[in-house]
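Chemist: Have a look at this prediction, sequence included:
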Amino acid sequence: MSTPMTAAEMRKILASRKIQRVVVLGANGTMGFGSAALFTTAVPEVTFLARTKEKAEEGLAAAIKQVRSPTVASRATTGDYDNDLVAAVAGADLVFEALTEDMAIKKEIFDKIEAARGDDSIVATVTSGLSINSLCEGRSESFRKNFLGLHFFNPPNVIVGTELIAGNDTDPAIVDFIDAFSQLRLGREMVRTFDTPGFAGNRVGFKLMNECAQLAGERGPLLVDKLVGPYTGRAMTPLATVDLVGWDIHRAIVDNVYANTNDEAHETNKLPDFMAKLMDKGVLGNKAGGGFFKRDGKKRLVLDPSTGDYTPEEEIKLPDLAYIDEVSALHRDGRYKEGMAVFLNAEGEYAKIARGVIAGYIAYAFERVGEVTETIDGIDRIMGLGFNAAPPSVLVDAFGAQGVVDMIGEAGLAVPSALAEAAKTGKPPRFFTHSRINIGRFFVAG
């Protein structure tokens, strides 16, 4: 559906069927228990399933701790795959798969789901970028008709941006229903994407993060996170985000995109060799004690990508980056265009490096229109409300179309036609027009 549904249309669609029972598989994982907790806000019965009942109980405890709501416990039951999956899935209106990002593992659990589910039950996967069509390949017509991707971002109780991905055989009525249910019952900001590697958010967002990881191998993590920091319109710096997500998850996403696409920025999706080598030694980010950064008491330590050693942050000498303070001060006053004008005109190699990354982010996003989403609006909303990063269009409006064109040219990149036309004609005067989204949220950390 290219035209967004009205509230009245969504209410009518919701009346067509009910979701009373949800089963979440992989409920001991962070995404699993977070999603299950979210479902308890709208559904009277949610079953947490894992390899063992003990693991499912751990997921339930984590969900209760995460959202601090008595509703979770009162509406949840737990079980394991061997003893409880068949009965739980047979009685479910929605089966939600949240296992590890591995095609073979997911397909194995889908074998069990398909054997147990009712013909009209909906099956959704929370995959962050695996092909929806490949995941349901060879399944029955009923399975394929009722199968789709429902990609929440972590943690789901905080981040409302959500991608909805239909397969070739998914019933459009099912897509509309899950869209309406997710908006009206779960409070999601829904973005429909095409079934492409990484979908929209991870395709665009992880490209930037991996580019920063590559730069970290050359310039060091601390300098890179300063250069592509909050003043560029992101609540969390790129490498700190990689540490939070986990290096293994980051690797799974960029490897998937690198292996299955061949676009103009293909090499920026190649995992740096130093990350692969350090992962073999157990470096996985925050979940394993450290990644690009780690803590030693109150001290923050910074990784040396070439050796794997860590150095206290205060011992690392950074170059003069005074322009960043000037930009940040203007952002704090809500003077975003003035701040970005300072950034655009800042002299020196480091400002140029930073502009190159941001120019690449904007250009890459605009070039993905028609490939990952129908319009730039979908990419804008998932970047803003999924990654909490300034949407590409917000940055275009802040820099001005001509400023962006100049910046993209400085970076040696091709200028997307929509931006070239805007610079030439002045139309549209603004790309980002969401009155309910305050763009200040993307610059408050500046």
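Modeler: Arrived safely.

Chemist: Apart from its chain neighbours, what residue comes closest to Val357?
Modeler: Val228 (5.2 Å; C-beta to C-beta, 6 or more residues apart in numbering). Every C-beta, even on glycine, is put in place using the N, C-alpha and C of the backbone.

Chemist: for the least confident helix or strand in the chain by mean pLDDT, packing partners?
Modeler: Sorting the helices and strands of the chain by mean pLDDT, DSSP states H and E puts helix 70-75 at the bottom, at a mean of 90. Of the remaining helices and strands, those touching helix 70-75 by 3 or more C-beta pairs under 8 Å, 6 or more residues apart in numbering; DSSP states H and E are helix 30-40, helix 53-67.

Chemist: mind checking how far that helix is from the chain centre?
Modeler: Helix 70-75 has its C-alpha centroid displaced from the chain centroid by 27 Å (C-alpha atoms, centre = their mean, to the nearest Å).

Chemist: which is the next helix or strand following that helix?
Modeler: Remark: after helix 70-75, the chain's next helix or strand is strand 76-80, criterion DSSP states H and E.

Chemist: Give the pairing partners of that next one; include direction for each.
Modeler: Within its sheet, and counting by DSSP bridges, strand 76-80 is paired with strand 45-50 (parallel).

Chemist: quick one: contacts for the residue lying closest to Leu38 once chain neighbours are set aside?
Modeler: Distances taken as C-beta to C-beta, 6+ apart put Pro156 closest to Leu38, at 4.6 Å, once the chain neighbours are dropped. Going by C-beta atoms under 8 Å, 6 or more residues apart in numbering, Pro156 touches Met31, Gly34, Ser35, Ala37, Leu38.

Chemist: Give me the three-state assignment for Pro156.
Modeler: coil (DSSP: H, G, I helix; E, B strand; the rest coil).

Chemist: Other residues contacting the least confident helix or strand of the chain?
Modeler: Residues from elsewhere that reach helix 70-75 (C-beta under 8 Å, 6+ apart): Ala37, Thr40, Thr41, Val43, Pro44, Glu45, Val46, Leu60, Ala63, Ile64.

Chemist: again, but for stretch 423-432
Modeler: Residues outside stretch 423-432 that contact it (C-beta under 8 Å, 6+ apart): 376, 380, 391-394, 396-397, 401-402, 404-405, 421-422, 439.

Chemist: try 10 Å
Modeler: Defining contact as C-beta atoms under 10 Å, 6 or more residues apart in numbering, one finds that stretch 423-432 is touched by 366, 376-377, 380-381, 384, 390-398, 400-406, 415, 418-419, 421-422, 439.

Chemist: What's the ChimeraX syntax to select whichever of these are buried?
Modeler: The following ChimeraX line selects those of the contacts of stretch 423-432 that are buried, judged by 16 or more other C-beta atoms under 10 Å:
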select :366,376,377,380,381,384,390,391,392,393,394,395,396,397,398,400,401,403,404,405,406,415,418,419,422,439
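
Chemist: Filter the contacts of stretch 423-432 down to just the ones in helices.
Modeler: Among the contacts of stretch 423-432, the residues falling in helices (DSSP state H) are 366, 376-377, 380-381, 384, 392-398, 401-406, 418-419, 421-422.

Chemist: Asp309 is in contact with Leu301, isn't it?
Modeler: Yes. Using C-beta atoms under 10 Å, Asp309 is in contact with Leu301, at 9.2 Å.

Chemist: Which of the two has more residues huddled nearby?
Modeler: Legend: neighbour count by other C-beta atoms under 10 Å for Asp309 and Leu301, higher for Leu301 (18 against 10).

Chemist: just checking, the more buried one is part of a strand?
Modeler: Yes. Using three-state DSSP, the assignment for Leu301 is a strand.

Chemist: any idea how far Phe181 lies from Glu371?
Modeler: Distance, Phe181 to Glu371, using C-beta to C-beta, to the nearest Å: 27 Å.

Chemist: Neighbour count for the two, which is higher?
Modeler: Phe181 (23 against 14).

Chemist: In contact with that one, which residues?
Modeler: Phe181 touches 10, 13-14, 17-19, 42-43, 94, 122, 150, 188, 190, counting by C-beta under 10 Å, 6+ apart.

Chemist: again, but for Ala411
Modeler: Here Ala411 is in contact with Lys352, Ile353, Arg355, Gly356, Val357, Ile358, Ala359, Gly360, Ile362, Ala363 (C-beta under 10 Å, 6+ apart).

Chemist: how close does it get to Gly360?
Modeler: Distance, Ala411 to Gly360, by C-beta to C-beta: 6 Å.

Chemist: quick one: low-confidence parts of the protein?
Modeler: The chain contains residues with pLDDT under 70 at 1-2, 444-446.

Chemist: all strands for it, in order.
Modeler: Ranges of strands in the chain, per DSSP state E, are 21-25, 45-50, 76-80, 94-97, 122-125, 147-152, 161-166, 189-193, 293-296, 299-303, 310-312.

Chemist: who does the first one touch, helix- and strand-wise?
Modeler: The one in question is strand 21-25. Secondary-structure packing of strand 21-25 (3 or more C-beta pairs under 10 Å, 6 or more residues apart in numbering; DSSP states H and E): helix 30-40, strand 45-50, helix 53-67, strand 76-80, helix 81-90, strand 94-97, helix 103-116, strand 122-125.

Chemist: and it with strand 45-50, angle?
Modeler: Interaxial angle of strand 21-25 relative to strand 45-50 (axes from the mean of the first three to the mean of the last three C-alpha atoms, to 10 degrees): 10 degrees.

Chemist: What remains of the contacts of helix 70-75 if I keep only buried residues?
Modeler: Buried residues within those, counting neighbours by 16+ other C-beta under 10 Å: Ala37, Thr40, Thr41, Val43, Glu45, Val46, Leu60, Ala63, Ile64.

Chemist: can I get those in TSV with distance to Ile165?
Modeler: Listed next are the buried ones among the contacts of helix 70-75 as TSV, based on distance: C-beta to C-beta, whole Å:
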residue	distance to Ile165
Ala37	22
Thr40	24
Thr41	23
Val43	21
Glu45	26
Val46	22
Leu60	28
Ala63	25
Ile64	30
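
Chemist: which one of these is nearest Val126?
Modeler: Distance ranking of those against Val126, using C-beta to C-beta, places Ala37 first at 13.4 Å.

Chemist: State whether that closest one and Ala63 are indeed in contact, as I suppose.
Modeler: Yes. Using C-beta under 10 Å, Ala37 is in contact with Ala63, at 3.8 Å.

Chemist: so what sits against both of the two?
Modeler: Both Ala37 and Ala63 are contacted by Val24, Ala27, Val46, Phe48, Ser69, Val72, Ala76, Asn157, under the criterion C-beta under 10 Å, 6+ apart.

Chemist: ok, now which ones touch Arg188?
Modeler: Listed by C-beta under 10 Å, 6+ apart, the contact set of Arg188 reads 38, 150, 152-153, 156, 159-164, 178-179, 181-182, 385.
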